[in-house]
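Engineer: mind looking at a prediction? Sequence and model below.
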Amino acid sequence: MIQLVKKRGIEMGITIENVAKKFPKVEAIKDLSLKVNSHEIMGLIGPSGSGKTTLIRIVTGALHADRGEVRIDDTKVPDMALFPRLGFMPQSDALYPDLTGYDNLLFFGRLFGLKGERLKARVEEMLGFIGLTEDGNRLVSRYSGGMKKRLSLIIALLHDPEYLLLDEPTVGIDPVLRKKIWDHFRALAEQGKTLVISTHVMDEAEHCDRVALLYRGGILAAGTIPELKAKTSSGQIEELFFALGGEAA
């Protein structure tokens, strides 16, 4: 397990303490606590409706918790000072369909303070990385669902943030590109970035330093993949959902 990193006495990373969130018809998050260590990839694994999206939105400050606290390093969320340090990819595409992919990137890049040749170079680099160079000048309204997903991902990566919160970033992406993306996530973690990535695809858990299994707004178990597999008889993470999920129900 990656060790906690401290800087000038400050414990770095994301700290989630006793967070709860209720909507009119559902209790989405139930007294949830989790520590995401600095410089690691934390996977949020769970079926639809388990609370992954709600939790990520709370951590970014886009959604207020009913109770509990989230801190990024020593800063309590929400705080606008965190904005340039975060990269957020929502599950639903937040794009401007009447702009080209290139112009979407310019717009969001400027929001994060990029400008001039540095911005243009970064946009071209990201379009090349995600395989959209030839489609950069097409209107986003003409993009396929997979192309929009790729564009949303590189918008989150564009300003090289310290913290990345990505909600199912590889849905609808072909296996070859998906491997390239996960290799890039690993490289970012090795550079010192901290990533929280939600998925319902169990094999993606293998790429994470640690994972938290979410079910009905709570955490069934958290740890490294070997630690979690050791709790099963089959060596399959899914077994924990059936065993522990049944107990929770």
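Structural biologist: All right, it came through fine.
Engineer: state the next helix or strand along the chain beyond the host helix or strand of residue 212.
Structural biologist: According to DSSP states H and E, residue 212 maps onto strand 210-215. Next helix or strand after strand 210-215 toward the C-terminus (DSSP H and E): strand 218-223.
Engineer: what packs against that next one?
Structural biologist: strand 26-37, strand 210-215, helix 238-248 (3 or more C-beta pairs under 8 Å, 6 or more residues apart in numbering; DSSP states H and E). Every C-beta, even on glycine, is put in place using the N, C-alpha and C of the backbone.
Engineer: average pLDDT for the strand holding residue 212, rounded please.
Structural biologist: For strand 210-215, mean pLDDT is 95.
Engineer: again, but for stretch 232-248
Structural biologist: For stretch 232-248, the mean pLDDT works out to 69.
Engineer: strands paired with the strand holding residue 212, and their directions?
Structural biologist: strand 41-45 (parallel), strand 218-223 (antiparallel) (DSSP bridges).
Engineer: for this protein, just list every one of the strands.
Structural biologist: If you assign secondary structure with DSSP state E, the strands in the chain sit at 6-7, 10-11, 13-23, 26-37, 41-45, 67-72, 75-76, 86-89, 163-167, 194-199, 210-215, 218-223.
Engineer: so the last one versus strand 26-37, what angle?
Structural biologist: Per axes from the mean of the first three to the mean of the last three C-alpha atoms, to 10 degrees, the angle that strand 218-223 makes with strand 26-37 is 20 degrees.
Engineer: give me the angle between strand 218-223 and strand 13-23.
Structural biologist: Angle, strand 218-223 to strand 13-23, by the same axes, to 10 degrees: 160 degrees.
Engineer: list the contacts of the nearest residue to residue 84 once chain neighbours are set aside.
Structural biologist: What sits nearest to residue 84 in space, not counting adjacent residues and going by C-beta to C-beta, 6 or more residues apart in numbering, is residue 112, at 5.7 Å. Residue 112 sits next to 84, 158-159 when contact means C-beta atoms under 8 Å, 6 or more residues apart in numbering.
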